[in-house]
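**Student:** Pasting the sequence and the predicted model now:
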Amino acid sequence: MKKKIVLSLIAFVVVLFLHASYSIVQAEKLAERWAGMNETNYLTLYVERSEYLIGASYALAIGFSVYALLRFLDSRKRGLAGLVGGITLTGVLYVAGCFLLGCCGSPMLAVYLTLFGSSFLGFAKPLTFALTFASIVVGWIWMERKSVPSTDCCEGEEECKPK
C-alpha cells in the first residue's frame, strides 16, 4: 500500500515539475521576442497566472493513473476496470478541459471573451482543477469500494459467510 502511495506522489511531483518547467521555458522564449522583459521572474508569473492549477490537474491525473496501474498489477482481474475507467475519465477531462480553455488551438478563448468578458479567464483554471480533483476522488472511492470482498472467509473454514 505504501509503495503505491509513494510512487503516486513521486509521479505527481515529477509531472508538476515538468509542467512548471515547460511553462517557464515557453514564457522565456516568448519574452525573448519582446524588448524590456529581461528582469521578469517567470516562476512568479507562473503562480500569478494560476498555471499551477493546470499543472496540478495533470499531476493529479497522472498520479492517480500510476496508483490505478499499480493496483491493477496487484490484482489483475479486479483492477482492470478501475484502470481503464480512471484513464478514460481523466483522458476525457483533459481533452474537454483543453478544448474549453482554448489551449489546443480551439477558438473557445475568443468565444468566452465575447460571451463572458475577461473575468471568465480567471475561473477556467480553478474549474478544471476542481473537476479533475472530483473525478479522482470519485474514481478512488469507486476503486476502494469495488475491492471490498463480498464474503467474509477465514482460513480453515469450509464455508464462507456472506456479509
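**Tutor:** Good, I have the coordinates.
**Student:** Can you name the next helix or strand after the longest helix along the chain?
**Tutor:** Secondary structure of the chain read by DSSP state H shows that its longest helix is helix 2-32. Once helix 2-32 ends, the next helix or strand along the chain (criterion: DSSP states H and E) is helix 42-48.
**Student:** what's the average pLDDT for that next one?
**Tutor:** Mean pLDDT, taken over the full extent of helix 42-48, equals 84.
**Student:** May I see the buried residues of that helix?
**Tutor:** Taking 16 or more other CB atoms under 10 Å as the neighbour-count basis, helix 42-48 is seen to contain the buried residues Tyr42, Tyr46. Backbone N, C-alpha and C define where each C-beta goes, glycine included.
**Student:** right, and the helix or strand after that helix?
**Tutor:** Beyond helix 42-48 toward the C-terminal end (DSSP H and E), the next one is helix 51-74.
**Student:** Just the buried positions in that next one, please.
**Tutor:** Using 16+ other CB under 10 Å, the residues of helix 51-74 that count as buried are 51-72.
**Student:** Which secondary structure elements does that helix sit against?
**Tutor:** Helix 51-74 makes packing contacts with helix 2-32, helix 76-101, helix 121-147 when contacts are defined by 3 or more CB pairs under 8 Å, 6 or more residues apart in numbering; DSSP states H and E.
**Student:** re earlier: what angle sits between the longest helix of the chain and helix 51-74?
**Tutor:** 150 degrees (axes from the mean of the first three to the mean of the last three CA atoms, to 10 degrees).
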